[in-house]
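A.B. asks: Fold the stuff below for me.
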Amino acid sequence: MLATGGPPPDGPEWAVEMKWDGIRIIAVCDAGDCALYTRNGNSVGRSYPELVTALKRLSGTDFLMLDGEIVAQDPDGAPSFGRLQRRMHVTRPGEQLMAEVPVRLFAFDLLAVGDTALTGEPYLERRRRLADLDFADPLSAPPHWIGTDAAQLLNVAREHRLEGIVSKRIDSVYLPGRRSPAWIKTPLRRNTEVVVAGWTPGAGAFGPTFGSLILGAHDESGRLVFIGLAGTGFTQAARRIIRATLDEIETPASPFDPIPPESAPAGWRWVAPILVGDVEYREFAGERLRMPSWKGLRTDKTPAMVEMPA
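C.D. replies: Residues are numbered from 1 along each chain as shown. From the prediction side, this is the model:
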């Protein structure tokens, strides 16, 4: 179930949760086996064996289905998508990497337990049943608040460097695969997924890699259109890794419709539009992202899922 964007609503019929900067996951446990699935249906349990082990202890032999977010925290405890990048692309992490970048699963919804499906139950009942589970590190169920001023909770999120808040109607059922106004997300930072469509030549120290990544998204008609360039937010190591990947998928033709007119004189290079990234930006105006900054590649989204920023 997906949230719509907007300011937080007021009223006693709304509960508020914190918004985490990680990977959305459905965890499914059955007869002692557990799997983790991303939004695009990829099974990623091998990348997070400590979570699978903990979920097996939690579920035992019962059926269990959870919705939540995998996060990696920085030394101050704030979720860091940049740190999580080190785990996202490793299918068999060693003990050293797992120790250097521990991950947690923040479970915020319970969809089924035993032989009982809960998607048709109201939010508060699902949260009550979620609280009854015997969570232990690295699993937890973050709190929710009812009757607390949303502006105050936004300030708490800002102080702890979280993404924002999500408001959920306390009577809302769980609608798999649907974006519902019963859940409203209010981010403090503007983030969006993008399709990597190519790169611009770099200069100086960036000559061996690239200057910027060329970003795209799908409009209402399904066309992939240009929405800007991201030239900041990369480490030098990330630039080298990304450039190697770009070289493998380079193509002579632009994937955009229409082709950006500024691309020809600048010598832009094109790639097959199969990579999805995450960027922060100041605003989306004039069909372009203003001041986009790269956060990292995503393996939990497909290019077809990437739509124009709101």
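A.B. asks: tell me the strands in the stretch 101-250 of the chain, going along the chain?
C.D. replies: With DSSP state E, counting those that start in this stretch, the ranges of strands along the stretch 101-250 of the chain come out as 104-113, 116-117, 139-140, 145-146, 164-169, 179-187, 190-200, 212-218, 224-230, 250-251.
A.B. asks: now for the fifth one, which elements pack on it?
C.D. replies: To tie it back to what came earlier, the one meant is strand 164-169. Applying 3 or more CB pairs under 8 Å, 6 or more residues apart in numbering; DSSP states H and E, one finds that strand 164-169 contacts strand 14-19, helix 150-159, strand 179-187. In this view, the C-beta of every residue, glycine as well, is placed from N, C-alpha and C.
A.B. asks: Check the ones you listed for me and report the most buried one.
C.D. replies: strand 14-19 (a mean of 21; mean count of other CB atoms under 10 Å).
A.B. asks: Which strands or helices does that one pack on?
C.D. replies: helix 123-131, strand 145-146, helix 150-159, strand 164-169, strand 179-187.
A.B. asks: got TSV for those, with mean pLDDT and distance to residue 201 too?
C.D. replies: What follows is those, written out as TSV (pLDDT from 0 to 100; distance: least, CB to CB, whole Å):
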stretch	mean pLDDT	distance to residue 201
helix 123-131	98	51
strand 145-146	96	50
helix 150-159	93	38
strand 164-169	96	36
strand 179-187	95	33
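A.B. asks: could you dump these to CSV with distance to residue 52?
C.D. replies: Listed next are the helices and strands packed on strand 14-19 as CSV, based on distance: least, CB to CB, whole Å:
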stretch, distance to residue 52
helix 123-131, 19
strand 145-146, 30
helix 150-159, 29
strand 164-169, 26
strand 179-187, 27
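A.B. asks: closest to residue 72 out of the strands of the stretch 101-250 of the chain?
C.D. replies: For residue 72, the closest of the strands of the stretch 101-250 of the chain is strand 104-113, at 7.8 Å, according to CB to CB.
A.B. asks: sorry, back to before: can I get the strands of the stretch 101-250 of the chain in TSV with distance to residue 302?
C.D. replies: TSV is the format used below for the strands of the stretch 101-250 of the chain (distance: least, CB to CB, whole Å):
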stretch	distance to residue 302
strand 104-113	22
strand 116-117	27
strand 139-140	27
strand 145-146	34
strand 164-169	23
strand 179-187	16
strand 190-200	10
strand 212-218	11
strand 224-230	13
strand 250-251	18
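A.B. asks: Which of those sits closest to residue 31?
C.D. replies: strand 104-113 (13.8 Å).
A.B. asks: And for the protein, the residue most distant from the center?
C.D. replies: Computed with CA atoms, centre = their mean, the residue of the chain farthest from its C-alpha average is residue 265, at 34.9 Å.
A.B. asks: Tell me how far that residue lies from residue 49.
C.D. replies: Going from residue 265 to residue 49 by CB to CB, to the nearest Å gives 50 Å.
A.B. asks: so residue 73 touches residue 84, yeah?
C.D. replies: No - Residue 73 lies out of contact with residue 84 (CB atoms under 8 Å); the separation is 9.3 Å.
A.B. asks: From the contact counts, what lies against the lengthiest helix in the chain?
C.D. replies: Across the chain, the longest stretch assigned as helix under DSSP state H is helix 236-248. Packed against helix 236-248 by the contact rule (3+ CB pairs under 8 Å, 6+ apart) you find strand 190-200, strand 269-281, strand 293-298.
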